[in-house]
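Colleague: Just the structure for this:
(4 chains)
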Protein chains: 2
Amino acid sequence: MSSQPSTARSAPTLEAVAELAGVSRSTVSRVVNGSPKVAPEVRTAVQRAIEELGYVPNHAARSLASRRSHSIALIIPEDTRRFFTDPYFADVVEGVASHLATTPYTLTLLVETESDAGRTTRYLQSGSVDGALIVSTHRADRSYDGVNVPVVFSGRPAVPHAGAIVVDIDNVAAGRMATEVLIRRGRRRIATIAGPQDMGAGQDRLNGWRAAIAAAGLEPGAVEFGDFTPVSGAAAVRRLLDAGADFDGLFVASAQMAHAALEVLAERGIAVPDAVSVTSVDNDRFAETAQPPLTTIEQPTKAHGAKIAEVLVGVIEGRPVERLTVLPTRLVERSSV
Amino acid sequence: MSSQPSTARSAPTLEAVAELAGVSRSTVSRVVNGSPKVAPEVRTAVQRAIEELGYVPNHAARSLASRRSHSIALIIPEDTRRFFTDPYFADVVEGVASHLATTPYTLTLLVETESDAGRTTRYLQSGSVDGALIVSTHRADRSYDGVNVPVVFSGRPAVPHAGAIVVDIDNVAAGRMATEVLIRRGRRRIATIAGPQDMGAGQDRLNGWRAAIAAAGLEPGAVEFGDFTPVSGAAAVRRLLDAGADFDGLFVASAQMAHAALEVLAERGIAVPDAVSVTSVDNDRFAETAQPPLTTIEQPTKAHGAKIAEVLVGVIEGRPVERLTVLPTRLVERSSV
DNA sequence: TTGAAAGCGCTAACAC
DNA sequence: GTGTTAGCGCTTTCAA
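Modeller: Next comes the predicted model:
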């Protein structure tokens, strides 16, 4: 377009800073990296030069030399629709992002693609990231084993993973507690809409339901399965109802499914809690205004996100970390029971 | 811990591949980068070597040498709560992520931090990313001007930005259309809950409302402002009502605010649409099941996300792109009018 | 406390 | 079509 020298001059390098400050490149590097072994006056001079030139270290050069990228990956399962639609994941990602904003690490979102199965693995091997976060693991996910960077799971993988580092809630207890409320309210025929059985959370919450029922000496009621989505929840209650299942209590394994279940019950003219008491897991932002307001197990979703990030950064930086962190939950009683 | 040689051997380099295949490093590089000028047999040999060693190119080295990171940033405004809570943004991010999954680019989420104002700018200058996406711009956002990488805005910035590349919907038309429905239904006293006036979308939708009213020869009704969130929407209707505003039509500038507004109207015993007709913008997933179902302007949110990604990649790769892309919207009529 | 020198693993002219 | 040769911009021993 023009034969004038471009005004978009290339970014100043560390060398330029060194020259301007009258020191060596090593010294500039030390200042940039906050090394204590630099004379105060020299440090000031270097900082002034950095300021003056608007110097910003080149990320690629830095990570090539130091072998750290200061970036971590969050692996998003193929089913992006579900991921981005569920407020649970939004909260987790918010927790992760907010925590990382207080660290020098940056968050990279990686969508798993069926079309290119090796993509995730290759990415994790390319040195682009110092570690990875796995959020919604199904049984089949294997992109991250045998990978050279540390990995932290949010929620235990359905298939035990040697040496996996996990942050989770006690899903068995969650299922149990949510079922026990029903029992305490005098419900005796307790059905459940369970989560997907290729996920740890799905398995555990179902086991919690079983345990509570067994402990109370009751007969297990009907079981239908969903995948934690509203649509699957609605379908599951319909199956329950259409099969003529007889229940006066219902434990639904996720809030998203529970909301849909409540709508279906209303449609069918089944009064909650008069005819059927309902409980669930996850005190999402719709639980309080649901009709009727939902009794549920609250889990610290955003804190969960922050925690997986914190643990991963700990591993990366060589600090000792817990291999299993269990976050607290609590029962929130409302009028659906 | 051990004096044994570590088993976590360092990743194979391009050089190792070259040796094993009996060619030079340049040739391996050419194969890896899909250069056509490599003899088929040689290519095969190299690929075999790559396979055998499980070679994955080092990202830092590659971007240091090539000056491209194959990664783009999505800037998230400081108010993460709002960002992660609004399904609109979830859809946009999904669109971006899904589109990028079909390209060699990777998505980095960057949360703006008030505590460290220069962080975003520095990041953008560090060569970490080849470009940036700005999604929810308020007037004050300036982290990205004077930055060396291309930037694409989703929604026009409130303050005109020389040379900005923008993907948007026609928000003036959206406001106008949504207001015109009310007029067609015989409404004559039309109030509005406008969006934030430090955002282009907020300004434009309000102007659309004004234009429709002027064109119909009506007097503008009351105006209250919100920030697109449900809470602000509820507060705005309350102010409208408490001030004794007399209206039989209400245009709400976002679906999130509209849902909250409908709840408040119901609480106050104001029948929709009998006493007041309501319209909005954004056909989110709650619009259809709202009470009553919401008449609204649908915008292609996910496609919007895909488009900003596509445009940015186009700019990065030097293809000619439109400086302004306007995405289509359409009116979805339901029973709230 | 500072500097010199040697890479980190790759790409990109340029020559052959 | 293939190899040689320089770097890309930084960190990091090692000496001084």
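Colleague: tell me the SS of the nearest residue to A:Phe247 once chain neighbours are set aside?
Modeller: Once flanking residues are discounted, A:Phe247 sits nearest to A:Ala191: 3.9 Å by CB to CB, 6 or more residues apart in numbering or on different chains. For the C-beta atoms, the positions are set from N, CA and C on the backbone; glycine is no exception. Here A:Ala191 is recorded as strand under DSSP: H, G, I helix; E, B strand; the rest coil.
Colleague: do the same with the one 5 residues further on
Modeller: At A:Pro196 the chain is in coil, as set by three-state DSSP.
Colleague: what's the neighbour count on it?
Modeller: Using other CB atoms under 10 Å in any protein chain shown, A:Pro196 has 21 other residues around it.
Colleague: show me what contacts it?
Modeller: Residues in contact with A:Pro196 (CB atoms under 8 Å, 6 or more residues apart in numbering or on different chains) are A:His138, A:Gly202, A:Phe225, A:Gly226, A:Asp227, A:Phe228.
Colleague: Please report how far the nearest residue to A:Asp204 once chain neighbours are set aside lies from chain B.
Modeller: Ranked by CB to CB, 6+ apart and with sequence neighbours excluded, the top spatial neighbour of A:Asp204 is A:Asn171, at 3.4 Å. Separation of A:Asn171 from chain B (CB to the nearest CB, to the nearest Å): 23 Å.
Colleague: My guess is A:Asn171 contacts A:Met199. True?
Modeller: No: contact criterion CB atoms under 8 Å: A:Asn171 and A:Met199 do not qualify, at 9.6 Å.
Colleague: more neighbours, the two?
Modeller: Shown here are A:Asn171 and A:Met199; by other CB under 10 Å, A:Asn171 has more neighbours (27 against 21).
Colleague: Kindly report the residues of the stretch 1-150 of chain A close to DNA strand D.
Modeller: Contact residues, the stretch 1-150 of chain A versus DNA strand D (CB under 7 Å from any atom of the strand): A:10-11, A:13-15, A:25-26, A:29-30, A:32-33, A:55, A:57-58, A:61-62, A:64-66.
Colleague: The residues you listed in strands, which ones?
Modeller: Applying DSSP state E to these, no entry is found in strands.
Colleague: so who does the closest residue to DNA strand C within the stretch 101-250 of chain A touch?
Modeller: Of all residues in the stretch 101-250 of chain A, A:Gly127 sits closest to DNA strand C, at 7.5 Å by CB to the nearest atom of the strand. A:Gly127 makes contacts with A:Ser63, A:Arg67, A:Ser69, B:Ala11, B:Asn58, B:His59, B:Ala60, as judged by CB under 8 Å, 6+ apart.
Colleague: how about 7 Å then?
Modeller: Taking CB atoms under 7 Å, 6 or more residues apart in numbering or on different chains as the criterion, A:Gly127 is in contact with A:Ser69, B:Asn58, B:His59, B:Ala60.
Colleague: Any idea how many residues pack against A:Leu74?
Modeller: Using other CB under 10 Å, A:Leu74 has 27 other residues around it.
Colleague: Identify the bridge partners of it.
Modeller: Note on A:Leu74: beta-bridge partners by DSSP bridges are A:Leu109, A:Leu133.
Colleague: got the contact list for it?
Modeller: Counting by CB under 7 Å, 6+ apart, A:Leu74 touches A:Val93, A:Val96, A:Leu107, A:Leu109, A:Leu110, A:Leu133, A:Val135.
Colleague: quick revisit: my guess is the residue nearest to A:Phe247 meets A:Pro220, correct?
Modeller: No: A:Ala191 is not in contact with A:Pro220 according to CB atoms under 7 Å; the separation is 8.7 Å.
Colleague: Those two: who's more crowded?
Modeller: A:Ala191 (26 against 13).
Colleague: how about the residues of chain A near chain B?
Modeller: A:8, A:11, A:56-61, A:63-64, A:69, A:76, A:80, A:84-85, A:90-91, A:93-94, A:97-98, A:101, A:106-111, A:113, A:122, A:125-128, A:148 (CB under 7 Å from any CB of the partner chain).
Colleague: Can you name the residue of the stretch 151-300 of chain A nearest to DNA strand D?
Modeller: Closest approach of the stretch 151-300 of chain A to DNA strand D (CB to the nearest atom of the strand) occurs at A:Val151, with a separation of 23.0 Å.
Colleague: which secondary structure elements does the host helix or strand of A:Leu265 contact?
Modeller: If you go by DSSP states H and E, A:Leu265 is part of helix A:255-267. Other helices and strands packing on helix A:255-267, by 3 or more CB pairs under 7 Å, 6 or more residues apart in numbering or on different chains; DSSP states H and E, are helix A:230-242, strand A:277-281.
Colleague: now the ones you listed as CSV including mean pLDDT and mean neighbour count?
Modeller: Below are those laid out as CSV (pLDDT from 0 to 100; neighbours: other CB atoms under 10 Å in any protein chain shown):
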stretch, mean pLDDT, mean neighbour count
helix A:230-242, 97, 20
strand A:277-281, 98, 28
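Colleague: Redo those as a markdown table? Include distance to B:Ala258.
Modeller: As requested, the helices and strands packed on helix A:255-267 are exported to a markdown table (distance: least, CB to CB, whole Å):
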| stretch | distance to B:Ala258 |
| --- | --- |
| helix A:230-242 | 20 |
| strand A:277-281 | 27 |
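Colleague: want to throw those into JSON lines with distance to DNA strand C?
Modeller: Output for the helices and strands packed on helix A:255-267, formatted as JSON lines (distance: least, CB to the nearest atom of the strand, whole Å):
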{"stretch": "helix A:230-242", "distance to DNA strand C": "44"}
{"stretch": "strand A:277-281", "distance to DNA strand C": "45"}
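Colleague: Out of those, flag the one nearest B:Val337.
Modeller: B:Val337 lies closest to helix A:230-242 among these, at 26.6 Å (CB to CB).
Colleague: Need the contact partners of that closest one.
Modeller: Helix A:230-242 is touched from outside by A:191, A:193, A:222, A:224-226, A:252, A:256-261, A:263-265, A:268, with contacts defined as CB under 7 Å, 6+ apart.
Colleague: List phi and psi for A:His99.
Modeller: With angles defined as degrees, to the nearest 10, A:His99 sits at phi -70, psi -50.
Colleague: Now for it: which residues touch it?
Modeller: A:His99 makes contact with A:Ala306, A:Ala309, A:Glu310, according to CB under 7 Å, 6+ apart.
Colleague: Go again with 10 Å.
Modeller: A:105, A:107, A:302-303, A:305-310, A:312-313, B:111 (CB atoms under 10 Å, 6 or more residues apart in numbering or on different chains).
Colleague: again with A:Ile193
Modeller: Applying CB under 10 Å, 6+ apart to A:Ile193 gives the contacts A:206, A:209, A:222-226, A:228, A:232-237, A:239-240, A:250-254, A:257-258, A:260-261, A:278, A:280.
Colleague: which residues does it bridge with?
Modeller: A:Ile193 has these beta-bridge partners by DSSP bridges: A:Glu224, A:Val252.
Colleague: pLDDT at it, what is it?
Modeller: Looking at A:Ile193, its pLDDT is 98.
Colleague: Against B:Leu218, how distant is it?
Modeller: 51 Å (CB to CB, to the nearest Å).
Colleague: before we move on, what about A:Asp91?
Modeller: Remark: distance between A:Asp91 and B:Leu218 (CB to CB) = 43 Å.
Colleague: Mind checking which of the two has more residues around it?
Modeller: Neighbours were counted for A:Asp91 and for B:Leu218 using other CB under 10 Å; A:Asp91 has more, 23 against 16.
Colleague: State whether that one and A:Ala303 are indeed in contact, as I suppose.
Modeller: Yes: between A:Asp91 and A:Ala303 there is a contact under CB atoms under 10 Å: 9.2 Å.
Colleague: May I have the residues that are in contact with the residue of the stretch 151-300 of chain A closest to DNA strand D?
Modeller: Contacts of A:Val151 by CB under 10 Å, 6+ apart are A:72-73, A:75, A:124, A:131-134, A:143-145, A:161, A:163-165, A:312, A:315.
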